[in-house]
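In: Sequence first, then the predicted structure:
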Amino acid sequence: MKQHTISVLVQNKFGVLSRISGLFSGRGYNIESLSVNKTNDPEISKMTIVTSGDESIIEQIDKQLNKLIDVLKVTDLATGDFLERELILIKVATTTKDRSELIQITKIFGGKIVNVHKSELAIELSGKGDKIQNFIDMMSEFKIIELVRTGRVAISRRPGPTEDYSNL
Amino acid sequence: MKSKKIKGAEIAIKCLERAGTKTIFAYPGGASMELHQALIKSSIRTILPRHEQGGAFAAAGFARATGKTGVCMATSGPGATNLITGIADAYMDSIPLVAITGQVPSALIGKTAFQETDIIGMTRPIVKHSYLVLDVNDLPAIFAEAFYLANSGRPGPIIIDIPKDIQQALAVPDFSCKPSVRAYQSDHKIDKSKIEEIRKAIKQSTRPCIYAGGGIIASGAADSLKKFAEGYNIPVTTTLMGVGAFPENHKLSLEWLGMHGSVAGNNAANESDLLITLGARFDDRVTGPTATFAADSKIIHVDIDISEINKNKKADIAVIANVKDVLDELNKNPEKGTYTDWLKQVNAWKKEFPFSYIPKKNKILPQEVVESIYNATKGEAVIVPGVGQHQMWASQFYKYSFPRQLLTSGGLGTMGFGLPSAMGAKIGLPNKTVINIDGDGSAQMNIQELGTIHSEDIDVKIVILNNQHLGMVAQWEDRFYGSARGNTVLENKNMKRPYPDFVTIAKGYGIPGREVYKKEDLEDAIQEMLNSKGAYILDVHVEYQEHVLPMIPPGASYKGILTK
């Protein structure tokens, strides 16, 4: 079961998200992560969906997504070279004893301290999923108070837009 | 001159008129009465069904019979939920339907208001698309889009949910706006190289078989299919939804395939070396386990819906296009094969295993009733069955020769389909004899539509093959559960006669009818029904005695077909 990152351009209309999530749930397909927001064109939103399944499942997901009236373009990024990022915000408990160690690890990972309290630090970090996971593993040596992690966003590495929809 | 502002409800009805709607099946309620008020002033004929489900089936029945988009309407809440089964049925069989629902005023949405349901949410998986109208000015564009989507590409049902305040809001309608469905593709250019691939595959084949589905009927390709089959000399089996797409009395016809289909159709599809799939979708009632279906065949799959390709069965050659365009292209220069051995084999199957039954002395068999109707109507009637054993017999023993002649609930298999669908069909085909062949179980699921039929003077003939059982389930009980009856008996032991008395019920609705118990009365009774002016009900007592055969048991391949 290979993981796939699927980029879906949709018309920014009422109820689109539920049509898409219903398409997955109605067929017993799983969404591992999902992120949605407007693109530079306010009429169009982009969803990045991480899912997994065998070849025939991914083929059906692609075709069923394409069948939705509000979907403009579906691109399976697994088939190309792409950049992907996730973002976390994490609150970690700290004392004077371990604070500098915590800051040091954050620096190594390229994270940012975004809020400081005498007994805890809030850290922001973005990166590929495995890097994020490594960081979370490191942080679990301390006491994680709270963690939020976004869905994946992705974009192709080649020049030009990930998907061309100028003809639509 | 300054344009006059009119109510949203009036705009909606004007939209229907502009879309060419002549008849709407609509049941009023608090959240849709504005629309009904607007209908009073409209040229559209409003037919009041006696249940919203009947209205949905009638609208879809009209669409099945004519190919035009059917329209039904209901109020919010229970009115809307009552439409759902009809919408699901239309979705499964790709029937163009626009369903309009009233909704509570926008300000009350989400407040658990009286008769509020999230009908858009509830129907999401069973519609092609749906709209909740939030601005009165959007109505013209939404209706234009809805009708365009319903009846283009692969047809399907569309819902438009209109809150009451939108119906009451005043606006000057702008009908010039175009539908904006940016990525939706209703037409597909044919890739010429695919046509060549198909021609080559046919040329290399020694055992080709055409497997034609409802797509032939939806795209109006029956003539093209006939030309194709004759031009290349390839036998044709259809799906249940494809019945009528190819004349069943044609020498290349193998009738229909699947669980209760013909032996010849099933054998030919499975033992072919090339299966030419045209507007069909490898439904499990056709294929059984897909791995063993047409296991050694090269599969050609032509469909307008890309998601059908490789969904149930992997295609060797896939063409995403309107099946009519593909056939017309292939018909430009046909290459007639001889396939001597193959056609000999196929004809031997046809001869050895026709749809058949063993007549009984002094007992009316359901199959005989269908045959008698076939003879009495010279094979020209439109047949609308319910769902169950009688549906299979109606499909087996009436021989169909033109598209839209058998209107049946294929995908969803909805009991109660027959009577209201026949009613809608008759509205669309006023010059045809429309016969609802029903079971006593199915008939009771929408029997209230007798009221609509009589009030609206709709000339539907109703024949009930009355066996006092839910016959299809009883048949499975006989075959797989040692005949233990799990709530499949409809007879009432306290009554000294078959139950209920359908003719008396019909009488209450003002519809004449007759019961038939004796074989010698059957033909006369059918004639009386056909000669009667207006609706007529014939309650034929056939006893529970027959199984639908052939039968491929669930999970078995075509080799496991039972013929007795």
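Out: Alright, I've got the coordinates. Residues are numbered from 1 along each chain as shown, chains lettered A, B, ... in the order given.

In: Could I get the contacting residues of whichever residue of chain A sits closest to chain B?
Out: Proximity to chain B, evaluated over chain A using CB to the nearest CB, is greatest for A:Lys63 at 3.8 Å. In this view, the C-beta of every residue, glycine as well, is placed from N, C-alpha and C. For A:Lys63, the contacting residues are B:306-307, B:309, B:311, by CB atoms under 8 Å, 6 or more residues apart in numbering or on different chains.

In: What about chain A: which of those residues touch it?
Out: B:306-307, B:309, B:311 (CB under 8 Å from any CB of the partner chain).

In: that older thread, now the buried members of the contacts of A:Lys63.
Out: B:306-307, B:309, B:311 (16 or more other CB atoms under 10 Å in any protein chain shown).

In: ok, which residues in chain A are in contact with chain B?
Out: Close to chain B, as judged by CB under 8 Å from any CB, chain A has residues A:11, A:14-15, A:18-19, A:22, A:26, A:56, A:59-60, A:63-64, A:66-67, A:69, A:71-73, A:165, A:168.

In: one step back: which of the contacts of A:Lys63 sits closest to chain A?
Out: Distances from chain A to the contacts of A:Lys63, taken by CB to the nearest CB, are shortest for B:Ser307, at 3.8 Å.

In: ok, back up a step: just put the contacts of A:Lys63 in CSV and tack on pLDDT and secondary structure.
Out: What follows is those, written out as CSV (pLDDT from 0 to 100; DSSP: H, G, I helix; E, B strand; the rest coil):
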residue, pLDDT, secondary structure
B:Ile306, 94, helix
B:Ser307, 94, helix
B:Ile309, 95, coil
B:Lys311, 95, coil
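
In: Spatially central residue for chain A, please.
Out: A:Arg152 (1.3 Å; CA atoms, centre = their mean).

In: list the contacts for that one?
Out: A:Arg152 touches A:5, A:33, A:35, A:48, A:50, A:84-86, A:129, counting by CB under 8 Å, 6+ apart.

In: Restrict the residues you listed to the buried ones and give me that as a PyMOL selection.
Out: Here is the PyMOL command that selects only those of the contacts of A:Arg152 that count as buried (16+ other CB under 10 Å):
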select buried, chain A and resi 5+33+35+48+50+85+86+129
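
In: Now, the contacts of A:Arg152 that are in helices?
Out: Judged by DSSP state H, the subset of these located in helices is A:Gly129.

In: just to revisit the earlier point, ok, of the contacts of A:Lys63, which one's closest to B:Ile458?
Out: B:Ser307 (37.2 Å; CB to CB).

In: Ignoring the adjacent residues along the chain, who's closest to the closest one?
Out: Closest residue in space to B:Ser307, ignoring its immediate chain neighbours: A:Lys63 at 3.8 Å, by CB to CB, 6 or more residues apart in numbering or on different chains.

In: pLDDT of the one helix or strand that neighbour maps to, averaged?
Out: Secondary structure from DSSP states H and E places A:Lys63 in helix A:55-67. Over the span of helix A:55-67, the pLDDT mean works out to 94.

In: next structured bit after that helix?
Out: strand A:71-76.

In: In its sheet, which strands sit next to that next one, and in what direction?
Out: Partners of strand A:71-76 in the sheet, by DSSP bridges, are strand A:2-11 (antiparallel).

In: tell me how far the strand it pairs with is from the chain's mean position?
Out: 11 Å (CA atoms, centre = their mean, to the nearest Å).

In: what's the nearest residue to B:Tyr398 if we skip its chain neighbours?
Out: B:Tyr374 (4.7 Å).

In: Any regions of the chain where pLDDT drops low?
Out: Picked chain A for this. Applying pLDDT under 70 to chain A flags the ranges A:79, A:167-168.

In: hm, I was asking about chain B
Out: Across chain B (using pLDDT under 70), the flagged ranges come out as B:1-2.

In: Can you spell out the domain ranges of it, please?
Out: Chain B breaks down into these domains under automatic domain parsing: B:6-171, B:192-352, B:366-541.

In: Let's have those in TSV, adding distance to A:Met139.
Out: TSV is the format used below for the domains of chain B (distance: least, CB to CB, whole Å):
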stretch	distance to A:Met139
domain B:6-171	39
domain B:192-352	43
domain B:366-541	52
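
In: Longest strand in chain A, by number of residues?
Out: In chain A, taking DSSP state E as the definition, the longest strand is strand A:82-93.

In: Partner strands of that one and their direction?
Out: strand A:120-127 (antiparallel), strand A:143-149 (antiparallel), strand A:153-156 (antiparallel).

In: Adding distance to B:Pro359 and mean neighbour count as columns, could you present those strands in JSON lines?
Out: JSON lines is the format used below for the strands paired with strand A:82-93 (distance: least, CB to CB, whole Å; neighbours: other CB atoms under 10 Å in any protein chain shown):
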{"stretch": "strand A:120-127", "distance to B:Pro359": "79", "mean neighbour count": "18"}
{"stretch": "strand A:143-149", "distance to B:Pro359": "73", "mean neighbour count": "13"}
{"stretch": "strand A:153-156", "distance to B:Pro359": "69", "mean neighbour count": "18"}
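
In: export those strands to TSV and tack on distance to A:Asp41?
Out: Output for the strands paired with strand A:82-93, formatted as TSV (distance: least, CB to CB, whole Å):
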stretch	distance to A:Asp41
strand A:120-127	24
strand A:143-149	27
strand A:153-156	15
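
In: Relative to B:Glu491, which of the ones you listed is closest?
Out: Nearest of those (CB to CB): strand A:143-149, 62.9 Å.

In: was I right about B:Val172 contacting B:Ser3?
Out: Yes: B:Val172 is within contact range of B:Ser3, at 4.3 Å (criterion: CB atoms under 8 Å).

In: higher neighbour count, these two?
Out: B:Val172 (12 against 9; other CB atoms under 10 Å in any protein chain shown).

In: how about the more buried one, what does it touch?
Out: Contacts of B:Val172 by CB under 8 Å, 6+ apart are B:3-6.

In: switch to 10 Å and redo it
Out: Contacts here follow CB atoms under 10 Å, 6 or more residues apart in numbering or on different chains; on that basis B:Val172 touches B:2-6, B:11, B:136-137.

In: again, but for A:Asp76
Out: A:4-7, A:51, A:58-59, A:61-62, A:65.

In: Mind giving me the ChimeraX command for buried ones among those?
Out: To isolate the buried members of these in ChimeraX, using 16+ other CB under 10 Å:
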select /A:4,5,6,7,51,58,59,61,62,65
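
In: show me where the stretch 301-450 of chain B has strands.
Out: Ranges of strands in the stretch 301-450 of chain B, per DSSP state E, counting those that start in this stretch, are B:317-320, B:382-383, B:434-439.

In: Looking at those, which one is packed in the most?
Out: Of those, the one with the most neighbours on average (mean count of other CB atoms under 10 Å in any protein chain shown) is strand B:434-439, at a mean of 30.

In: CA-only coordinates of that one in PDB, if you can.
Out: C-alpha atoms of strand B:434-439 as PDB (Å, rounded to 0.1, in the frame of the first residue of the first chain):
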ATOM      1  CA  VAL B 434     -48.000   1.000 -21.200                       C
ATOM      2  CA  ILE B 435     -48.300  -2.100 -19.000                       C
ATOM      3  CA  ASN B 436     -47.100  -2.300 -15.400                       C
ATOM      4  CA  ILE B 437     -46.500  -6.000 -14.800                       C
ATOM      5  CA  ASP B 438     -46.100  -6.200 -11.000                       C
ATOM      6  CA  GLY B 439     -45.800  -8.600  -8.200                       C
END
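
In: Tell me the strands beside that strand, with direction?
Out: Strand B:434-439 has these strand partners (DSSP bridges): strand B:382-383 (parallel), strand B:460-466 (parallel).

In: And the residue nearest to the centre of chain A, how close does it get to A:Thr48?
Out: Separation of A:Arg152 from A:Thr48 (CB to CB, to the nearest Å): 5 Å.
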